[in-house]
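*Asks:* Curious how this folds, go ahead:
(one chain, ligands or ions: 1)
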Amino acid sequence: MGTAIPACVVTTAREGGVLVVTIDNPPVNALGVAVRQGLWAALEQAEQDAAVQAVLLLGAGTSFIAGADIREFGQPPQPPLLPDLCNRIEASPKLVIAALHGPTLGGGLEVALAAHYRLGLSAAKLGLPEVNLGLLPGAGGTQRTPRLIGVQAAAELMLSGRHMGAQEALAVGLIDDLDGGHDVRAAGLAYAQTLLAQKAPVRRTRDAGALINKAASQAALNVLKAHTAKKTPGLFSPLKILEAIQGAIDLPFDEGLKQERALFLQCLDSPQRAGLIHAFFAERETAKIPEAKAATPRPLAHIAIIGGGTMGAGITVAALDAGLQVTMIERDAPSIARGQAHVEKVYDGLIAKGRLSAEAKAAVMARYTPSTSYDDIGQVDLVIEAVFEDLDVKKTVFQELDRVCKPGAVLATNTSYLDIDAIAAVTSRPQDVVGLHFFSPANIMKLLEIVVPAKVAADVVATAFALAKKMKKTPVRAGVCDGFIGNRIMAVYRQAADYLMEDGASPYQIDEALRAFGYPMGLFQVVDLAGGDIGWAARKRRAPTRDPRARYVEISDRLCERGWFGQKTGRGFYLYPQGARTGVPDPEVLAIVDAERTRKGITPRPFTADEIIRRYMAAMVNEGAKVVQEGIALRPLDVDVTFLSGYGFPRFRGGPMKYADMVGLDKVLADLREFAQEDAWFWQPAALLETLVAQGANFDSLNHRE
Ligand code: 3H9
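*Replies:* Residues are numbered from 1 along each chain as shown. Purely as a prediction, here's the structure:
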């Protein structure tokens, strides 16, 4: 390799005896091939220049290095490979010092661990988050970290993927010194000069190891292995991380590195890696929408929430946490008192857990104003209506808002399925009306569907996305239809599950298959948690417009007619004895299922877990394709993110559309055609799916088109 440093992603400058090597690869200084080549060349330059006594590595901008360049995974690897670069840094005969500020993650931390000394600035965030991408630290991290901080602390860092602050990193020994300043170059240079003055020796992490006490490390690792198998069932990379760390206990350093590489490549090849990296990029892509490019958001400082029920209170907390001024409106004094009590309960819960002080709660609540009069919200920038889910009730609220709100205020509804065009039409300003569909509990759930009616102005949509960012939500742009993206698709796979149940699978068997697929809970457990009455109301609402060709399963209605709404009533699909939160199967439910089958003349047939998943996923993917085809979702990735952040879809599968791509769209289409032989109405394939299969294309080919 020559000494020319490619592009200007890595620059060098000599300051006395110190060669300052700056990585400048925005946005996060990822270790793409040009950076790796640049660092390699900089080391060569240092070795060849007798005046250089030490090399100082630092990052330009707001981070040291956020890791390997994730976009390169899945492409043919280009030299120098990151593990080789790290080994070369460590082997350098000249002192190598890393000065860390901002994100120092994954391969970035591994570069730092290969340096001989590490200085952290107080805002540095150190971590090995590869597990979140289905990977393991593959550039020596699994071997060097345990040698520096011990097996248990290293394993915890790698399995959690969490970011560690500089103070903690100093305390555990991940860095050698801490600087309270903000100028990483000045701090790094001063530190390098001090080390040179002290004649600090080249000190290689590979030779450290005093912390690896074999017996104690093995005992700690055994506990972690048992815990991990239970906590992250079905996940591939956590077990591989532990296997690699086992190598740090058992093997000489170079052997440990070799084993780490082999395990890293296994992770790289796994479908879980593909799913998780898709999820990483998709979640960043959903905010890139046409309106955000075309328009500037309106000001956003003071908002109003109409309604203090569970949803209104949750949204209020999310808004207060985002630093906004919030006025909550309820119809009378007792209702507003209840609304405020809901809000305070959330903060009191945090105080009880020691996660918030009473003073901090008081500071947050100082931004909250309760009111029973719409006249108090004339000057707010944005209103979110979260009242009872009824079109007439909502129309009345919007007429009031139209009367009192200042021109230019954004008027949002939190409806989960109603026609927002119809709501907008009762105002004199439909251009200001948008849908903000939060998920319960609204202060916790990440998903925010931003529903875009026909007449809304682009800057109103941009304001909704700006609000999502302030609230740290994952926004997904959706068009107007019954249920938008998420609830519309859910209604369809719920039907598929109902058909499976009526045809022979028990609800418990279906739930078990879904948990084995990776869902934290089965569908019927979720129904019990949310309350069976919610779906019942939706089914009754849809009854008049239900197509006579559509098959209708009445089992859930039979339970609801008995008042069995799930956890809150002590029984639903499961029994919840004495207020238990985990349900147990209920023989009476099975008897009701049987009775319904008999009534309809259905002879039950067995289904394997695989057959259950094929039907459930085919229904979900097919409706997802229709939602994309109709422009309700901008891209398949918007459907993926909706289900990952709002419906518990297993993240390692990347979302339903990514899952379909990985299974093969031709297989999904073949399944639909097979099932259509039983019910051509329900299983009719989406035209988009047929087109993509005919073209040999996949859903991903429709992604990333802003
Ligand atoms: C690894 O290192 C493997 C090694 O062990 C072994 C190798 C052999 N690559 O999140 P943001 C982009 S695996 C490429 O919105 P924030 C991101 O897509 C890696 N691109 O900002 C976005 O692009 P765009 C281990 C990356 O301030 C932009 O940067 N490291 C990478 O909220 C801004 O990102 C990780 O897993 C990357 N590594 O958060 C760290 N990282 O503007 C992953 C980010 O076009 N990254 N981008 O949409 C993060 O956790 C966050 O991005 C970070 C900044 C905390 C850094």
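
*Asks:* could you pull out the helices for the stretch 51-200 of the chain?
*Replies:* Using DSSP state H, counting those that start in this stretch, the helices of the stretch 51-200 of the chain run over 82-91, 107-114, 141-149, 151-160, 166-172, 184-197.

*Asks:* Could you pull out the buried residues of the last one?
*Replies:* Put plainly, it is helix 184-197. Val184, Arg185, Ala187, Gly188, Leu189, Tyr191, Ala192, Gln193, Leu195, Leu196 (16 or more other CB atoms under 10 Å). (C-beta placed from N, C-alpha, C; glycine too.)

*Asks:* Out of the helices of the stretch 51-200 of the chain, which one sits most buried?
*Replies:* The highest mean neighbour count among the helices of the stretch 51-200 of the chain, using mean count of other CB atoms under 10 Å, belongs to helix 107-114: a mean of 30.

*Asks:* Output the buried residues of helix 184-197 in JSON lines; the columns should cover pLDDT and distance to the ligand.
*Replies:* Output for the buried residues of helix 184-197, formatted as JSON lines (pLDDT from 0 to 100; distance: CB to the nearest ligand atom, whole Å):
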{"residue": "Val184", "pLDDT": "97", "distance to the ligand": "16"}
{"residue": "Arg185", "pLDDT": "98", "distance to the ligand": "20"}
{"residue": "Ala187", "pLDDT": "98", "distance to the ligand": "21"}
{"residue": "Gly188", "pLDDT": "98", "distance to the ligand": "20"}
{"residue": "Leu189", "pLDDT": "98", "distance to the ligand": "25"}
{"residue": "Tyr191", "pLDDT": "98", "distance to the ligand": "24"}
{"residue": "Ala192", "pLDDT": "98", "distance to the ligand": "25"}
{"residue": "Gln193", "pLDDT": "97", "distance to the ligand": "30"}
{"residue": "Leu195", "pLDDT": "98", "distance to the ligand": "27"}
{"residue": "Leu196", "pLDDT": "97", "distance to the ligand": "30"}
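
*Asks:* Turn the residues you listed into JSON lines, including distance to Gln677.
*Replies:* Below are the buried residues of helix 184-197 laid out as JSON lines (distance: CB to CB, whole Å):
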{"residue": "Val184", "distance to Gln677": "66"}
{"residue": "Arg185", "distance to Gln677": "69"}
{"residue": "Ala187", "distance to Gln677": "70"}
{"residue": "Gly188", "distance to Gln677": "69"}
{"residue": "Leu189", "distance to Gln677": "74"}
{"residue": "Tyr191", "distance to Gln677": "72"}
{"residue": "Ala192", "distance to Gln677": "73"}
{"residue": "Gln193", "distance to Gln677": "78"}
{"residue": "Leu195", "distance to Gln677": "75"}
{"residue": "Leu196", "distance to Gln677": "78"}
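
*Asks:* Which residues of the protein lie near the ligand?
*Replies:* Proximity of the chain to the ligand (CB under 6 Å from any ligand atom) is limited to residues 27-28, 30, 66-71, 82, 103, 105-107, 110, 129-130, 133, 135, 137-139, 141, 284.

*Asks:* hmm, try it at 5 Å
*Replies:* Counting by CB under 5 Å from any ligand atom, the chain comes close to the ligand at 27-28, 30, 66-70, 82, 103, 105-107, 129-130, 137-139, 284.

*Asks:* are any of these buried, and which?
*Replies:* Buried among those (16+ other CB under 10 Å): 28, 30, 66-70, 82, 103, 105-107, 129-130, 137-139.

*Asks:* What ranges in this structure fall below the confidence cut-off?
*Replies:* 1-7, 210-211, 704-706 (pLDDT under 70).

*Asks:* Outline the domain layout of it.
*Replies:* Here the domain parsing of the chain from automatic domain parsing is 3-269, 300-484, 531-604.

*Asks:* Distance to Ala619 added to these, as TSV?
*Replies:* As requested, the domains of the chain are exported to TSV (distance: least, CB to CB, whole Å):
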stretch	distance to Ala619
domain 3-269	22
domain 300-484	14
domain 531-604	13
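
*Asks:* of those, which approaches Gln695 most closely?
*Replies:* domain 3-269 (21.9 Å; CB to CB).

*Asks:* For Ala66, give me its contacts.
*Replies:* Counting by CB atoms under 8 Å, 6 or more residues apart in numbering, Ala66 touches Val28, Asn29, Ala30, Pro103, Leu105, Gly106, Gly108.
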